[in-house]
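The sequence isn't on hand, but the structure is:
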């Protein structure tokens, strides 16, 4: 295995973990070849919409109920998306560590020869 097979140009494990933590999921998918998780749409927009609906329908109970439902969806989507993204980033980091360990082992074996 060569160094070119290692995704990213990171020198140490902390740098790799930090970089993987900030990269967009699609970029990680391209880099590592692991399929990115599908995320729930409109998570942040739902929370904003819930506040708007609540204040627009301050005296209309049906709008308040709709605002509550939209807000619950927004919170659920936000938590689910963050959990899925964190698990995916962790899997990418583990893949990078495995490849880095293989390269380090190959280098060590080559030094011994």
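Done, it's in. Here the structure is a predicted model, which means the values were calculated and not measured.

Let's see the pLDDT reported for the residue nearest in space to the middle of the chain.
Closest residue to the average C-alpha location of the chain: residue 85 at 2.6 Å, with CA atoms, centre = their mean. Looking at residue 85, its pLDDT is 97.

Give me the distance between it and residue 26.
12 Å (CB to CB, to the nearest Å). Every residue, glycine included, has its C-beta placed from N, CA and C.

Quickly list what's touching both of the two.
By CB atoms under 8 Å, 6 or more residues apart in numbering, residue 85 and residue 26 have no common neighbours.

Report the residue spans of the chain with pLDDT below the cut-off.
1-5, 113 (pLDDT under 70).

any chance you could map the helices in it?
Counting by DSSP state H, one finds helices in the chain at the ranges 13-22, 25-32, 43-56, 61-112.

Quick check, residue 68 in contact with residue 47.
No - if you go by CB atoms under 8 Å, residue 68 and residue 47 don't touch, sitting 11.9 Å apart.

Pull the contacting residues for the nearest residue to residue 41 once chain neighbours are set aside.
Distance criterion CB to CB, 6 or more residues apart in numbering; nearest residue to residue 41, sequence neighbours excluded, is residue 77 at 7.5 Å. Residues in contact with residue 77 (CB under 8 Å, 6+ apart) are 39-43, 46.

go again using 10 Å as the cut-off
39-47 (CB atoms under 10 Å, 6 or more residues apart in numbering).

same deal with residue 55?
Contacts of residue 55 (CB under 10 Å, 6+ apart): 63-64, 67.

how near is residue 88 to residue 33?
13 Å.

shouldn't residue 81 be in contact with residue 40?
Yes - here residue 81 reaches residue 40: they are 5.8 Å apart, a contact under CB atoms under 10 Å.

Brilliant, that's me finished.
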